[in-house]
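1. this one's structure only:
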């Protein structure tokens with residue numbers, strides 16, 4: 001009985017040690033990312049950073065983005081746990097106030113897989129592979145979609161606030177009576 005317990009504990013210890021070594025090995029083989037940001041707080045994230053190429057970086061800078069941070073990419077889910085991919089850590093995303101960003105996964109031979117992260121749409125990961133010319137056409141379209149979403153949200157917010165102000169002033173009988181009463 002004691003030898004059986006001892007063997008079980010020994011086997012579990014060995015399994016635990018092997019799994020920790022596998023996690024350490026996986027962490028060492030992880031990807032690095034490069035994060036770019038523009039004045040509108042939109043971002044472009046490239047991973048793996050080592051696969052990035054000069055023409056892509058030149059285009060991103062010409063589009064008004066500047067490099068803000070690089071580091072180890074982490075596997076993250078979308079807001080609704082719908083998809084997952086490598087991204088910057090969430091603390092970095094909050095640090096730079098980036099809610100909407102484009103993810104560019106650079107493959108061999110300058111092929112690129114594109115993902116989009118938006119708080120309203122979640123994480124979108126189409127499976128198509130693109131070249132830089134297609135990316136140059138689609139990034140401005142995506143940024144315009146981000147802008148439209150923000151304008152819709154701001155317009156709705158202003159309308160609701162104005163409605164509340166009007167509603168409060170007309171529905172307050174005490175203020176109406178005071179203004180009409182003689183002294």
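-> Yes, it's here. A quick note: this is a predicted structure, and the numbers were derived from the prediction, not measured.
2. could you find the closest non-adjacent residue to residue 55?
-> residue 132 (5.8 Å; CB to CB, 6 or more residues apart in numbering). Glycine gets a C-beta too; all of them are placed from N, C-alpha and C.
3. which residues does that neighbour contact?
-> Neighbouring residues of residue 132 by CB atoms under 8 Å, 6 or more residues apart in numbering: 55-56, 59, 110, 112.
4. and what of residue 95?
-> With CB under 8 Å, 6+ apart, residue 95 has these contacts: residue 69.
5. what's the distance between it and residue 41?
-> Distance of residue 95 to residue 41, given as CB to CB, to the nearest Å: 12 Å.
6. what sits in contact with each of these two?
-> By CB under 8 Å, 6+ apart, no residue touches both residue 95 and residue 41.
7. out of the contacts of residue 132, who's nearest residue 104?
-> Nearest to residue 104 among the contacts of residue 132: residue 112, at 5.3 Å, using CB to CB.
8. right, and that closest one touches residue 105 too?
-> Yes - with contact defined as CB atoms under 8 Å, residue 112 and residue 105 form a contacting pair (6.8 Å).
9. among the contacts of residue 132, which ones are buried?
-> 56, 59, 112 (16 or more other CB atoms under 10 Å).
10. just the element for the first one, please.
-> Spelled out, that is residue 56. Using DSSP states H and E, residue 56 sits within helix 54-62.
11. average pLDDT across that helix?
-> Helix 54-62 comes out with an average pLDDT of 93.
12. please apply the same query to stretch 77-92.
-> Stretch 77-92 shows a mean pLDDT of 86.
13. and stretch 101-108, by the same measure?
-> Mean predicted lDDT for stretch 101-108 stands at 92.
14. now do the buried residues in that stretch.
-> Here stretch 101-108 shows 101-106 as buried, counting by 16+ other CB under 10 Å.
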